[in-house]
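**Q** Just the structure for this:
(one chain, ligands or ions: 1)
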Amino acid sequence: MYSPSDSRYHSPDLYRRCGRSGVRLPLISLGLWHNYGAKDSYENARAIVFRAFDAGITCFDLANNYGPPDGAAEVTFGRILREDLMKWRDELIITTKAGYYMWPGPYGEWGSRKYLLASLDQSLKRMGLEYVDIFYSHRPDPDTPLEETMGALAHAVRSGKALYAGISNYPPTETVQAVKILRELGTPCLIHQPRYSMLDRWVEPQLLSTLEQEGVGCTVFSPLAKGILTDRYFKGIPADSRAGHDQRFLRPADITDALLAKTRKLNELAQSRGQTLAQMALAWVLRHKVVTSALIGASKVSQVDDCVGATRNLTFTGEELTNIDEILTQ
Ligand SMILES: NC(=O)c1ccc[n+]([C@@H]2O[C@H](COP(=O)([O-])OP(=O)(O)OC[C@H]3O[C@@H](n4cnc5c(N)ncnc54)[C@H](OP(=O)(O)O)[C@@H]3O)[C@@H](O)[C@H]2O)c1
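**A** All right, here's what the predicted structure looks like:
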């Protein structure tokens, strides 16, 4: 029988306000994209969630299609809730999303009201929840009026099935439009979820400042570049690593010698800061105050411990930032 650590809230600095809202999120959130599928170890999956919650991580990120198969991560998380965690429901921010392919036919993906609201009902059922804390539009839909997609999010909030609305993968212009519509509908956009890491800096020129101006929070996904910005691949490709056993989104060919040369140099810099490479990569995305949370994945309990340790040092000297830029552009 799980009982959370009494010291889980002993680090008040672990939380950052999410835009101009009443909600604070942990600097590190846990995503269940990988390692929560039907074939993954349930014992390992629950141990990772428990260790995260014990460390003060209150935010757990899901989507309708996380698995495999699609939906399996929500089923796994639902079981963890049902068997252990539901008692602490009011301490948790549980999120889900809809936008990518989920079921056949014209209503099983993208951004229609029909798809989004049906998908949310399915997600709630799989997790055994009455509501999620944040419901995201997972990606912009070029063929559905933004008013319809945002209207569906607003309806989800007004119906009590979600507490807040969020968007993910929206470029700056669509973000401004979506935020405006949601504000007019009386259900403000709480948060944006874009990809951001040292290896993918597309949010830097405009999106981050847009979010700051609009008072929208930001949780950045894949801050470790799916494991590349860690020591995981320094000695080859371990069989239990993502590139080693699940090549849907990270193939061994993606881990090139040129990339490893960079990550080894970054690792030396991290060591000079008294951090692991993973910790420095997380601190680096969190150096922007507009970034509310870094949304990690983990395949082991020890990775959660390591990642939470990043929050002990989030400041960089100008020289360190220049060195990082130089390594990245070499
Ligand atoms: N909105 C979207 O479109 C979208 C897209 C993708 C992801 N997401 C969300 O973002 C979450 C995180 O994505 P991600 O899993 O790609 O994030 P990530 O944090 O960049 O990569 C996680 C992987 O890095 C490795 N790792 C983590 N901590 C480590 C440590 N301390 N030392 C060594 N290796 C470490 C593990 O790889 P191994 O498994 O190899 O051990 C882990 O599975 C997802 O779960 C999901 O919730 C959202």
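**Q** Going by C-alpha atoms from here, please, whenever you check contacts or count neighbours.
**A** Fine.
**Q** Please point out which parts of stretch 69-80 sit buried.
**A** 70-80 (16 or more other Cα atoms under 10 Å).
**Q** Next up, the contacts around the residue lying closest to residue 231 once chain neighbours are set aside.
**A** Leaving aside its sequence neighbours, residue 231 sits nearest to residue 277 (Cα to Cα, 6 or more residues apart in numbering; 6.6 Å). Residue 277 makes contact with 229-231, 263, 266-267, 270-271, according to Cα atoms under 8 Å, 6 or more residues apart in numbering.
**Q** May I see these organised as a markdown table, with pLDDT, neighbour count and distance to the ligand added?
**A** Formatted as a markdown table, the contacts of residue 277 follow (pLDDT from 0 to 100; neighbours: other Cα atoms under 10 Å; distance: Cα to the nearest ligand atom, whole Å):
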| residue | pLDDT | neighbour count | distance to the ligand |
| --- | --- | --- | --- |
| 229 | 98 | 28 | 8 |
| 230 | 98 | 20 | 5 |
| 231 | 97 | 15 | 6 |
| 263 | 98 | 21 | 12 |
| 266 | 98 | 23 | 14 |
| 267 | 98 | 22 | 12 |
| 270 | 98 | 19 | 13 |
| 271 | 98 | 14 | 14 |
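**Q** out of these, which are inside helices?
**A** Using DSSP state H, the subset of those located in helices is 263, 266-267, 270-271.
**Q** Tell me how many other residues surround residue 235.
**A** 7 (other Cα atoms under 10 Å).
**Q** what's the spacing between it and residue 264?
**A** 11 Å (Cα to Cα, to the nearest Å).
**Q** Kindly check the end-to-end length of stretch 89-98 for me.
**A** 22 Å.
**Q** scratch that, stretch 51-59
**A** End residues of stretch 51-59 are separated by 13 Å (Cα to Cα).
**Q** Can you point out the buried residues in the helix or strand harbouring residue 282?
**A** For residue 282, the element it lies in under DSSP states H and E is helix 277-286. Buried residues in helix 277-286, counting neighbours by 16+ other Cα under 10 Å, are found at 277-286.
**Q** and it, how far out from the chain's middle?
**A** 15 Å (Cα atoms, centre = their mean, to the nearest Å).
**Q** Show me what from this structure comes close to the ligand.
**A** 31-34, 61-62, 138, 168, 193, 221-227, 230-232, 241-242, 278, 295-299, 303, 306-307 (Cα under 6 Å from any ligand atom).
**Q** OK, contacts around the most centrally placed residue in the chain?
**A** Residue closest to the average C-alpha location in the chain (Cα atoms, centre = their mean): residue 295, at 3.4 Å. When contacts are counted by Cα under 8 Å, 6+ apart, residue 295 touches 28-31, 61, 219-223.
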